[in-house]
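**Student:** Sharing a sequence plus its predicted fold:
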Amino acid sequence: MSLRVWDERVVPRLTDLSLRSDEVGEMREVACAGLTGRVLELGFGSGLNVRWYPPEVTSVTAIEPSDLGWELSEPRRAEGTVRVERAGLDGQRLDLADDSHDSALVTFSLCTIPDPLLALREARRVVRAGGRLHALEHGLAPEESVRRWQRRMEPVQRAVAGGCHLTRDVPALVREAGWDVVGLEQSYLPGPAMSRPWTWCSRLVAS
């Protein structure tokens with residue numbers, strides 16, 4: 001199987017399976033709370049956030065590079081009450097007007113976007129003044145012992161998981177992109193200690 005076929009036909013299915021647990025769902029629900037109006041979602045994936053959109057959300061502009069991910073999201077979009085429109089493949093280059101959205105959402109996607117700073121700056125451009133970014137991401141752990149394993153495993157992770165990085169400091173990236181982090185919670189997902197290189201999560205709100 002070629003790497004391209006793996007990335008296009010296998011990785012979206014594995015991502016859907018691995019990120020739809022009840023524990024992650026609870027974190028998604030919290031991450032989506034407070035979204036309002038027209039929402040830009042970077043890395044829409046298979047639509048695992050759809051069920052958690054609050055009533056204040058009026059529409060979602062989905063940026064999703066994977067055709068299979070978009071296909072997998074169809075049943076969730078059909079069951080949802082919010083209109084979702086796919087408006088691009090690349091979060092680093094948005095064909096959207098300045099100040100055209102009220103909120104932005106990104107979950108488990110900044111790890112794979114080649115230039116997450118560029119994507120976050122694009123979101124900053126597209127979200128109006130006073131609007132907020134909601135993010136739920138895994139990334140760089142606080143303990144050096146875990147970081148060492150993250151650095152060791154990252155080349156393998158990138159090869160088998162569509163370019164996913166383990167060592168990105170998500171709060172630092174958000175701040176560097178011009179956002180002001182106003183709420184931040186960090187913790188490991190439940191599981192054995194050996195899973196920690198993959199499970200340090202940051203849930204944040206930025207304005």
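**Tutor:** Received the coordinates, thanks.
**Student:** By neighbour count, which bits of the longest strand anywhere in the chain are buried? Give me those.
**Tutor:** The single longest strand within the chain, with elements called by DSSP state E, is strand 127-138. Judged by neighbour count (16 or more other C-beta atoms under 10 Å), strand 127-138 contains these buried residues: Val127, Gly131, Arg132, Leu133, His134, Ala135, Leu136, Glu137, His138. Glycine gets a C-beta too; all of them are placed from N, C-alpha and C.
**Student:** was I right about the second one contacting Asp180?
**Tutor:** When you say that, I think you mean Gly131. No: using C-beta atoms under 8 Å as the test, Gly131 is too far from Asp180 to be in contact (11.9 Å).
**Student:** Mutual contacts of those two, please.
**Tutor:** Counting by C-beta atoms under 8 Å, 6 or more residues apart in numbering, the contacts common to Gly131 and Asp180 are Ser207.
**Student:** and the residue nearest the centre of the chain, bridged to which residues?
**Tutor:** The chain has Thr107 as the residue nearest its centroid, 2.2 Å off, counting by C-alpha atoms, centre = their mean. Legend: beta-bridge partners of Thr107 under DSSP bridges are Leu136.
**Student:** From Gln150, how far off is Glu23?
**Tutor:** Counting by C-beta to C-beta, to the nearest Å, the separation of Glu23 from Gln150 is 20 Å.
**Student:** For those two, indicate the residue with more neighbours.
**Tutor:** Gln150 (20 against 11; other C-beta atoms under 10 Å).
**Student:** Now do the phi/psi pair for the nearest residue to that one once chain neighbours are set aside.
**Tutor:** Among residues not flanking Gln150 along the chain, Leu166 sits closest, at 4.1 Å (C-beta to C-beta, 6 or more residues apart in numbering). The phi and psi values for Leu166, taken as degrees, to the nearest 10, are phi -100, psi -10.
**Student:** thought Leu166 was touching Gln157?
**Tutor:** Yes: counting by C-beta under 8 Å, Leu166 touches Gln157, with 5.5 Å between them.
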